[in-house]
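Student: Requesting a structural model of the entry that follows:
(one chain, ligands or ions: 1)
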Amino acid sequence: MSTYLGGVFDDALPEGRAAATITVWRHGVEARLEAGKVYTIRSEVLRLERGGSTGRMLFIRGQDPRLTLFSEAPGLLEEIGTTSGLEARNAVATLTAEVAKTRRATLSLWLIAAAVLVVLGLVTPPLFRVAVDGAVGQLPLSLDVKLGDLASSEITSFGPAITDERAAGLATEILERLRPHLPPDIAALDLKITVIESAEVNAFALPGGRMAVLSGLLKRADDVNMVAAVFAHELMHVRHRHGIRALVQSAGVLALVSVVFGDATGIVALLAQGGVLATLTHYGREHESQADLDGVALTAAAGFDPAGMPAFFRKLKEIAPSSEVQEALSWMSSHPSHEERIAAIEALIPSLTRGEDPPMNHTLEAARAALRGE
Ligand SMILES: [Zn+2]
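Tutor: You can find the predicted model right below:
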């Protein structure tokens, strides 16, 4: 059983509303105010509605017209569907169907607009981007997960996964420290990171939040701040859904249409030549700088030293000439225009407020010892 942050609209309250913690029981949905007052809307009279400025606010009503519970917390609707009584489950099913219908309708409009523009050859690149951004914004995050799954088998092609707790635990601890500072819908994804044995200095994130870091990167980084910087940068590709955008850019709007409306076999065939992973992580320049700037802000919010990001960029440059294996620096080669990026990141750092920095349970030193087989 979970609790969700939300609130209550009640005419009897001094301001007409108050924050509340929402809990789902079999017999109904309960909202508890900080002051201790408890409201319950019984399952058999429950009515649900989505709305608000984001369209994601869930409104929960019963028979009393003066009382409404509300919450934007992800997972609440699903929990009402699984926990509460049959009548409430029906209310959830009706709402889910309605939301899917409107979402599909809005989405098709965007996609049709984008496709028509392409067909007519009317599109200048910026206009195309606007159409794509509009369409991607309407897509459910479950599509990102689906796309990420398509590429996940390619992760293991880099090398075997390292399960030693000193290395795997460090990667997970850094990821978990960043997670709460992501927007709620992204934080609620099944974010996961695997350490893979490989000399490459590389890390990547798939749409939907599956991540991998190659052990070469852990060996080359000077401290956890550098590792956190790379993770945060990659997480921002997930958060801004750059994978889907990269897909549309390389395979076209029709590829997206096929993923949304049909099964994904068509797109797998389409991408087979180039590899799904390569397509989904082939980001444009703008996406890279967005991931840099939002990423460095994320590291600071999570209490890491934001200077880790420019330091890591410099480090890559410095080890580049001595590197015997060209792929050893794949993260850098996929991230061009070094100097400008470092300058932009460093210009942002003074404005960032660094969050609390609790001691880590895992250290980079111990992780490295594990990688050396000690
Ligand atoms: Zn990137």
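Student: those strands in this protein, which residues are they?
Tutor: Using DSSP state E, the strands of the chain run over residues 3-10, 17-24, 28-33, 38-42, 47-51, 57-61, 67-71, 161-162, 192-196, 203-205, 210-214.
Student: From the ion, how far out is Thr40?
Tutor: Thr40 sits 48 Å away from the ion, going by CB to the ion, to the nearest Å. Heads up, the C-betas are built off the backbone N, CA and C, glycines and all.
Student: is that residue in a bridge, and if so with what?
Tutor: Glu30 (DSSP bridges).
Student: what's the neighbour count on it?
Tutor: As a burial measure, Thr40 scores 15 neighbours (other CB atoms under 10 Å).
Student: Next one: it, what pLDDT does it get?
Tutor: The model reports Thr40 with a pLDDT of 91.
Student: now swap in the one 5 residues further on and tell me
Tutor: The per-residue pLDDT reported for Val45 equals 85.
Student: Give the burial count for it, as a bare number.
Tutor: Burial of Val45 is recorded as 14 neighbouring residues (other CB under 10 Å).
Student: check contacts around it.
Tutor: Counting by CB atoms under 8 Å, 6 or more residues apart in numbering, Val45 makes contact with Gly62, Gln63, Glu87.
Student: Report the buried members of those residues.
Tutor: For the contacts of Val45, a burial check counting by 16 or more other CB atoms under 10 Å picks out Gly62.
Student: Need the contacts of Val45 in a markdown table (columns: pLDDT and distance to Leu175).
Tutor: Output for these, formatted as a markdown table (pLDDT from 0 to 100; distance: CB to CB, whole Å):
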| residue | pLDDT | distance to Leu175 |
| --- | --- | --- |
| Gly62 | 88 | 40 |
| Gln63 | 87 | 45 |
| Glu87 | 71 | 40 |
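Student: follow-up on the earlier one: which stretch in the strands of the chain has the least confidence?
Tutor: strand 47-51 - the lowest mean pLDDT of the strands of the chain, at a mean of 80.
Student: residues of that one that come out buried?
Tutor: In terms of neighbour count (16+ other CB under 10 Å), strand 47-51 has its buried residues at Arg47, Leu48, Arg50.
Student: likewise stretch 172-186?
Tutor: Thr172, Glu173, Ile174, Leu175, Arg177, Leu178, Arg179, His181, Leu182, Ile186.
Student: Out of those, flag the one nearest to the ion.
Tutor: The closest of those to the ion turns out to be Leu178 (CB to the ion; 15.2 Å).
Student: what pLDDT does the spatially closest residue to Leu46 that is not a sequence neighbour get?
Tutor: With CB to CB, 6 or more residues apart in numbering as the criterion, Leu46 has its nearest non-adjacent residue at 4.5 Å, and that residue is Ala88. Per-residue pLDDT puts Ala88 at 70.
Student: now do the one 5 residues further on
Tutor: In the predicted model, Ala93 carries a pLDDT score of 77.
Student: ok now do it, which residues does it touch?
Tutor: Residues in contact with Ala93 (CB under 8 Å, 6+ apart) are Gly81.
Student: gap between it and the ion?
Tutor: Noted for Ala93: a distance of 40 Å to the ion, by CB to the ion.
Student: Also Asp185?
Tutor: Taking CB to the ion, one finds Asp185 at 21 Å from the ion.
Student: One more: Ile22?
Tutor: 37 Å.
Student: ditto for Lys317
Tutor: Distance from Lys317 to the ion, by CB to the ion: 16 Å.
Student: What of Phe204?
Tutor: 8 Å.
Student: Skipping its backbone neighbours, what lies nearest that residue in space?
Tutor: Closest residue in space to Phe204, ignoring its immediate chain neighbours: Thr281 at 5.3 Å, by CB to CB, 6+ apart.
Student: Quick one: the contacts of Val45 as a markdown table, columns for distance to the ion too.
Tutor: Formatted as a markdown table, the contacts of Val45 follow (distance: CB to the ion, whole Å):
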| residue | distance to the ion |
| --- | --- |
| Gly62 | 48 |
| Gln63 | 52 |
| Glu87 | 48 |
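Student: quick one: which of the contacts of Val45 is nearest to Asp305?
Tutor: Comparing the contacts of Val45 against Asp305 with CB to CB places Gly62 closest, at 50.1 Å.
Student: which residues does the closest one contact?
Tutor: Contacts of Gly62 (CB under 8 Å, 6+ apart): Ile41, Arg42, Val45, Leu46, Arg47.
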